[in-house]
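In: Sequence and predicted structure below; questions after.
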Amino acid sequence: MNVRLLALTAAMLVSLAPGAAQQISQGRITARSVFQGQIPGREGDGAPPRVDIRLWSIRGHQRVAGLVLPLRGVMIVELRAGEVTTIIGGRRVERREGDIWTVPEDAVMQLETEDDTAVIQTTVVGD
């Protein structure tokens, strides 16, 4: 997906949720809620999907067993700065700045950072 399109979509969603941004700190991990809410669907499709967008700053030399999110669903992740290793379903992948990947609803994403801080954006879409 085009990074500019993703950024524009996130900016539009943020503008729809005044006052939604809040910062949460868990030691060496900081999360900032950018957007939480529902997005309109087509009429007759049932309940509109819920979306949660967060920016995470993870300091160097961290091993994170999993991110605590208020919503379950498919997660789209973008590494916005730094480097990180992810473990999803037992598979280790080294990620670089600009990488975008998905995490299935029933999976846990573990994260490991080396000596630099990593910044990731998570977008969770759920029911």
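Out: Thanks, I have it. Numbering: from 1, shown residues only.

In: make it CA atoms for all contacts and neighbour counts henceforth
Out: Will do.

In: Please, where are all the helices along the protein?
Out: All helices of the chain, identified by DSSP state H, fall at 3-15.

In: which stretches of it form strands?
Out: For the chain, applying DSSP state E gives strands covering 22-26, 29-38, 50-58, 63-64, 74-81, 84-88, 91-95, 100-103, 109-112, 118-126.

In: Reformat those strands as TSV; add mean pLDDT and distance to Gly44.
Out: Formatted as TSV, the strands of the chain follow (pLDDT from 0 to 100; distance: least, CA to CA, whole Å):
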stretch	mean pLDDT	distance to Gly44
strand 22-26	52	33
strand 29-38	94	15
strand 50-58	96	16
strand 63-64	94	40
strand 74-81	97	22
strand 84-88	97	35
strand 91-95	98	39
strand 100-103	97	28
strand 109-112	96	34
strand 118-126	96	17
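
In: so how far is Ala107 from Glu83?
Out: As judged by CA to CA, to the nearest Å, Glu83 and Ala107 stand 21 Å apart.

In: out of those two, which sits in the more crowded spot?
Out: Glu83 (23 against 15; other CA atoms under 10 Å).

In: Next one: the more buried one, what pLDDT does it get?
Out: On the pLDDT scale, Glu83 is placed at 97.

In: Leaving out chain neighbours, which residue sits closest to it?
Out: In space, and not counting its chain neighbours, Glu83 is closest to Arg96: 5.0 Å by CA to CA, 6 or more residues apart in numbering.
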